[in-house]
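Peer 1: I need the structure of the sequence given here:
(4 chains)
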Protein chains: 2
Amino acid sequence: MLTVPARTSPASAATSRDVAKAANVSQALVSRAFSGNGRIAPETRDRILKVAAEIGWRPNALAASMVTGDAPLVSVITTRLSFDWRAQVLSHLLKAFEAWHLQPLLFYAESDREVDRLLAETISWRTRGVVVTAGVVPEARAEAILSRGQFLAALNRPGNHPEAFSIATDNPIGGRQAATVLLGEGRGRFLALAGPEDSWASSRRVDGFVDGLGQAGHQPMVWHNATMTTEAGLACADRLLALPPNERPDGVFSTNDAIALGFIDGLRGSGMTIPQDLSIIGFDNLPASSWTPYQLTSFEQPLDAMVLGVLDHIHAHQQPEAAQPPSAPEAHRLGADGVIYCAPRLVLRQTTRGQL
Amino acid sequence: MLTVPARTSPASAATSRDVAKAANVSQALVSRAFSGNGRIAPETRDRILKVAAEIGWRPNALAASMVTGDAPLVSVITTRLSFDWRAQVLSHLLKAFEAWHLQPLLFYAESDREVDRLLAETISWRTRGVVVTAGVVPEARAEAILSRGQFLAALNRPGNHPEAFSIATDNPIGGRQAATVLLGEGRGRFLALAGPEDSWASSRRVDGFVDGLGQAGHQPMVWHNATMTTEAGLACADRLLALPPNERPDGVFSTNDAIALGFIDGLRGSGMTIPQDLSIIGFDNLPASSWTPYQLTSFEQPLDAMVLGVLDHIHAHQQPEAAQPPSAPEAHRLGADGVIYCAPRLVLRQTTRGQL
DNA sequence: CTGAAAGCGCTTACAG
DNA sequence: CTGAAAGCGCTTACAG
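Peer 2: The predicted structure is shown next:
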């Protein structure tokens, strides 16, 4: 006696043939009933659909892809989703895929080093193309993907190929703007709270900040952090407080909000007040940056523009004939590296006194 | 003259036949070289692999699935990923899939109402099974999936079928524990800040809270919120401050942290102090709950236990013979609804005075 | 409007 | 150890 409810064994799955038999038609008609291609009498179609529903059959998309040589799949390379711009961007992207009847096949990179391997695995699935949101795209890999007729869209990183599509936040501009704000307040001693030295985004933000200050004859200190977390921000606050009061920076630019928020918390109770003694600007415009205890001036990344750019590119790739000019994002520039850079948006709050 | 670099046309993708020709072997050997199944001379294998790499060919996983009748795919139903337990849980799940060479096929639900439709679409792909993290699984749909031999794993919701796997946070226990803490502090006027009336998790948390208080002869007010955001929390604070001081609740349980954090911000500057005048407990243990300005007592959801449970189930489904007893999460109970409920973990901070 | 047949790119017995 | 052949479940010309 079995304790588990009886089950019609792994059900050697029904096929269109079974449906055809049950509906008393040829197997080809079953295909036509579902695809809408080819002529079929309306009543026949209805009958087939009804029988299929009873049996619980739907065309096997894998088999269909074999015949047509085209699967409605898109590869998406991503990495840790939690509390990251990726989660937000992916939500938008996946929503659009759903509307376009594209199925995203996810490739999860534990670390950036795995990205090239995942890119290679991608090809087994003969997808329409690949969206990359993690790691680096090697040139040879980009060429391999594009030469198959797939699209390649890189988000917040270079595509490393003239035919790849690539769109990113204009990080240097953000850094320069931060410098402008702090200089406008009359600050004189500057500090950049940065991520790891090899972080692409963080480094570009610092570069812009250094540039902007340099034009006014100033130069910031740069403190690198192994992780861009609130904990790192707390540690930076301790480091600042350890300096003699007259040597402490008074104009701080953090290359992300998490560090900035931790930094603000680390200064609480120290006697240093914001923005009297010190101004601070973050990057990301996290929800928390607008919360009462923070009111952090920050840069919002142009995530919507980036998503639209990718969707435009995928759309153009699917319908090359209808090659309408891609809807360029409002504020952007085309980099020498082929990347479309979209300006971040400055959100002024209480941790600065400046106007632009 | 073309401005676009020449491109060997949509490259009518190479096949194993092309590789075979180039390596001077039969097409079957190419298959064996990659699959490792069947005998093949090591030198032959090496030569084939080398040729394939040059051509940039890999076995077409779609075609392979046709023959073997089994694709290494898993359907995952999800919804908005940003700032949600889903992002965290998915990260873990996807990491494990990657290690097990399973490809997740994502189905994105714009709203819970779409979930059943997505569940139906799922079957076109003949995946190994489906993981549901959004909406409700109708009984008939569960039966349809399971009768195909696929697995069905529901996260934080009922599976609605005796053979489905389902694991969730034990919400009522959290609510009861919140009541115990607030009662232990000697609080006397209670308030629950809840989500929408039809929110499964929020309602269960309130139920537990009401139960726990009821045993001590108390009854809380319950304020429902259409969205469980910090903004809603701010509004609740206003509502509380509008009450005459002697009618204001002094023991508050919020069914998520976002509302609790907004509520705390809403009380700032009002003269009400925490935890002197009022205690508050949240749910989720968001990173922000430990930040200096909040120090919110909260419940951590047993996400790791839930992920492990799902992975165990998938593993058992793939290797039914090695049916080792599933590693039961430490603290859990089996509900009459077939759901494995894992206790949340109370994290005491400064918004309560209580000990358990 | 309907059906018989070819074929998509692989894997896997089955012979050699 | 290698190869020829069948067949997975569909779609799509091609006849009728």
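
Peer 1: low-confidence ranges, the stretch 51-200 of chain A, go.
Peer 2: A:83 (pLDDT under 70).

Peer 1: go again using 80 as the cut-off
Peer 2: Across the stretch 51-200 of chain A, residues meeting the criterion (pLDDT under 80) sit at A:82-84.

Peer 1: CA atoms of stretch A:181-188 as CSV?
Peer 2: What follows is stretch A:181-188 as a C-alpha-only set of coordinates in CSV (Å, rounded to 0.1, in the frame of the first residue of the first chain):
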residue,chain,number,x,y,z
VAL,A,181,28.5,72.3,-5.4
LEU,A,182,31.1,72.0,-2.7
LEU,A,183,33.3,74.7,-4.2
GLY,A,184,30.2,76.9,-4.5
GLU,A,185,29.8,76.6,-0.8
GLY,A,186,33.3,77.9,-0.2
ARG,A,187,34.6,74.6,1.1
GLY,A,188,38.4,74.4,1.2
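
Peer 1: quick check: buried residues in stretch A:14-30?
Peer 2: By neighbour count on 16 or more other C-beta atoms under 10 Å in any protein chain shown, the buried set for stretch A:14-30 is A:14-16, A:18-20, A:22-23, A:25, A:29-30. For glycine as for every other residue, the C-beta is placed from the backbone atoms N, C-alpha and C.

Peer 1: no, scratch that, I was asking about stretch A:177-192
Peer 2: Per 16+ other C-beta under 10 Å, stretch A:177-192 contains these buried residues: A:177-183, A:185, A:187, A:189-192.

Peer 1: go on, stretch A:342-351?
Peer 2: A:342-344, A:346, A:349, A:351.

Peer 1: which ones among those map onto helices?
Peer 2: Per DSSP state H, helices hold no members of the buried residues of stretch A:342-351.

Peer 1: which one of these is nearest to B:Ser254?
Peer 2: Closest approach to B:Ser254 among these (C-beta to C-beta): A:Arg349, at 25.6 Å.

Peer 1: for that closest one, give me its contacts.
Peer 2: A:Arg349 makes contact with A:289-290, A:295-298, according to C-beta atoms under 8 Å, 6 or more residues apart in numbering or on different chains.

Peer 1: could you measure it against A:Gly251, distance?
Peer 2: To A:Gly251, A:Arg349 is 16 Å away according to C-beta to C-beta, to the nearest Å.

Peer 1: returning to what we had before: which of the buried residues of stretch A:342-351 fall within strands?
Peer 2: A:342, A:346 (DSSP state E).

Peer 1: and DNA strand C, which of the buried residues of stretch A:342-351 reach it?
Peer 2: Here nothing survives when the buried residues of stretch A:342-351 are matched to DNA strand C using C-beta under 7 Å from any atom of the strand.

Peer 1: can the helix or strand containing A:Lys21 be said to contact DNA strand C?
Peer 2: Secondary structure assigned from DSSP states H and E places A:Lys21 in helix A:16-23. No: Helix A:16-23 does not reach DNA strand C (C-beta under 7 Å from any atom of the strand); its nearest approach is 7.6 Å.

Peer 1: moving C-terminal from that helix, which element do we reach first?
Peer 2: Using DSSP H and E, the helix or strand that follows helix A:16-23 in sequence is helix A:27-35.

Peer 1: quick one: the strands in the stretch 1-150 of chain A?
Peer 2: For the stretch 1-150 of chain A, the strands defined by DSSP state E, counting those that start in this stretch cover A:73-78, A:103-108, A:129-132.

Peer 1: skipping adjacent residues, who's closest to the most centrally placed residue in chain A in space?
Peer 2: The C-alpha lying nearest the average C-alpha coordinate of chain A belongs to A:Arg86 (C-alpha atoms, centre = their mean; 4.0 Å). Spatial nearest neighbour of A:Arg86, excluding adjacent residues (C-beta to C-beta, 6 or more residues apart in numbering or on different chains): A:Thr133 at 5.3 Å.

Peer 1: the one you found contacts A:Leu90, correct?
Peer 2: Yes: between A:Thr133 and A:Leu90 there is a contact under C-beta atoms under 8 Å: 7.3 Å.

Peer 1: next, show the common contact partners of those two.
Peer 2: Common contacts of A:Thr133 and A:Leu90 (C-beta under 8 Å, 6+ apart): A:76, A:78.

Peer 1: neighbour-wise, which of the two wins?
Peer 2: Legend: neighbour count by other C-beta atoms under 10 Å in any protein chain shown for A:Thr133 and A:Leu90, higher for A:Leu90 (29 against 24).

Peer 1: re earlier: save the buried residues of stretch A:342-351 as CSV, and put in pLDDT too.
Peer 2: As requested, the buried residues of stretch A:342-351 are exported to CSV (pLDDT from 0 to 100):
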residue, pLDDT
A:Cys342, 96
A:Ala343, 96
A:Pro344, 97
A:Leu346, 98
A:Arg349, 98
A:Thr351, 98
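
Peer 1: which single one of the buried residues of stretch A:342-351 is nearest to DNA strand C?
Peer 2: A:Cys342 (39.0 Å; C-beta to the nearest atom of the strand).

Peer 1: would you mind measuring from the closest one to A:Gly335?
Peer 2: According to C-beta to C-beta, A:Cys342 and A:Gly335 sit 11 Å apart.

Peer 1: partner residues bridging the closest residue to DNA strand C within the stretch 151-300 of chain A?
Peer 2: When scored by C-beta to the nearest atom of the strand, the stretch 151-300 of chain A has A:Phe151 as its residue closest to DNA strand C, at 19.6 Å. Listed by DSSP bridges, the beta-bridge partners for A:Phe151 are A:Gly129.

Peer 1: for it, grab the count of nearby residues.
Peer 2: A:Phe151: 21 neighbours (other C-beta under 10 Å).

Peer 1: wait, it sits on A:Gly129?
Peer 2: Yes: the pair A:Phe151 / A:Gly129 is scored as a contact, 3.3 Å apart, by C-beta under 8 Å.

Peer 1: got any residues that touch both of those two?
Peer 2: Shared contacts of A:Phe151 and A:Gly129, defined by C-beta under 8 Å, 6+ apart, are found at A:314, A:317.

Peer 1: helices of the stretch 51-200 of chain A, start to end?
Peer 2: Remark: helices assigned in the stretch 51-200 of chain A by DSSP state H, counting those that start in this stretch are A:61-68, A:85-99, A:115-122, A:139-147, A:171-184, A:200-214.

Peer 1: tell me which of the ones you listed sits most buried.
Peer 2: For the helices of the stretch 51-200 of chain A, the largest average neighbour count (mean count of other C-beta atoms under 10 Å in any protein chain shown) is found in helix A:171-184, namely a mean of 24.

Peer 1: would you mind getting the angle between that helix and helix A:200-214?
Peer 2: Angle, helix A:171-184 to helix A:200-214, by axes from the mean of the first three to the mean of the last three C-alpha atoms, to 10 degrees: 40 degrees.

Peer 1: and helix A:171-184, what does it pack onto?
Peer 2: Counting contacts by 3 or more C-beta pairs under 8 Å, 6 or more residues apart in numbering or on different chains; DSSP states H and E, helix A:171-184 packs against helix A:200-214, strand A:251-254, strand A:279-281, strand A:298-300, strand A:345-347.

Peer 1: helices or strands next to the last one in the packing?
Peer 2: If I follow you right, that is strand A:345-347. Judged by 3+ C-beta pairs under 8 Å, 6+ apart, the packing partners of strand A:345-347 are helix A:171-184, strand A:298-300.

Peer 1: gap between the longest one and the chain center?
Peer 2: Going by C-alpha atoms, centre = their mean, to the nearest Å, the spacing between the C-alpha centre of helix A:171-184 and its chain's C-alpha centre is 24 Å.
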